[in-house]
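[1] Sequence plus predicted model, see below.
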Amino acid sequence: MNRQAKIVLAASVLIISALPARAECNISDAKLEEAILQKPELRDGANRQMVRDLRALRDSAFILWSYARHDDCERVLASIRDLIASPSMGNLGDNDEDEADQQFAAREPMLERGGAVIGRREDADAKPLIDIDELGPGLRADEILGAEVRSSDDKIIGEVRNVVIGTKDREDYVVVASGGFFTVGKDSIVVPLRSLQISQGRESFYLRIPEREMRDVPLMPDQDYSWLSDDAWRKQNDALFQGPPRN
């Protein structure tokens, strides 16, 4: 290698070494699970939402990393570390309820906020729906959480926000965020899982009643599960979803 080439190589090495190191975004560095075990606030059952929020942020960091957005991933991890290190996460929230309502509404898919959106069940090539009891193989949690729910006349009702596993002789339920013509983000409806049908491609779930009958279905405040212990209420509510089978 001649003298000029050596000078060019040395200059290149100096330039490269002067550049900032690329953030590798090692998600395990956030030590989230360790913090959950060690921090009393995160072990408190009343603060489960904080833990879910932190894990959602961790999942977001992983998504950014998977798209090679390493710097953005590292910024999310830095936020997780700051939240964990704060004396009390519960005191960090914004108390502006109006702004919170606006922000929450922005999370809802535009399709759901449009209400009464007609689907494609009337298409000539539409395949028959399947009863949940006849579904095989079984239904996975990730196939139902966040899935859209439509009425029997194929209008959007909302999305599955949660699933309640039945105990003893009780039914399994899906909690559906009322994203159709109801107010977005405020309340939910409670649907017996067995009363649902599903498209063969497992893209959407269907009620057995049309949209117009949804006006008779009681709305439950989000995060209020007192109905679980009210047998009379559940019996009355469940009867509303027993429409005719749909093919």
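    Now that the structure is in, tell me what you want to look at.
[2] Quick check: Leu42 vs Gln200, distance?
    Using Cβ to Cβ, to the nearest Å, one gets 42 Å for the distance from Leu42 to Gln200. Just so you know, the C-beta spots here come from the backbone N, C-alpha and C atoms, and that holds for glycine as well.
[3] Show me which of these two is the more surrounded one.
    Taking other Cβ atoms under 10 Å, Leu42 and Gln200 do not tie; Leu42 has more neighbours (17 against 11).
[4] What are the neighbouring residues in contact with that one?
    Contact analysis of Leu42 by Cβ atoms under 8 Å, 6 or more residues apart in numbering lists Ala35, Ile36, Met50, Val51, Leu54, Met89.
[5] change it to 10 Å
    Counting by Cβ atoms under 10 Å, 6 or more residues apart in numbering, Leu42 touches Leu32, Ala35, Ile36, Arg48, Met50, Val51, Leu54, Ile84, Met89.
[6] likewise Glu134?
    Contacts of Glu134 (Cβ under 10 Å, 6+ apart): Gln197, Ile198.
[7] Could you identify the helix or strand that succeeds the top helix by length along the chain?
    Determined from DSSP state H, the single longest helix within the chain is helix 48-66. Where DSSP states H and E defines the elements, the next helix or strand beyond helix 48-66 is helix 70-85.
[8] Write the PyMOL selection for whichever of the contacts of Leu42 are buried.
    This is how PyMOL selects the buried members of the contacts of Leu42, with burial counted by 16 or more other Cβ atoms under 10 Å:
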select buried, resi 32+35+36+50+51+54+84+89
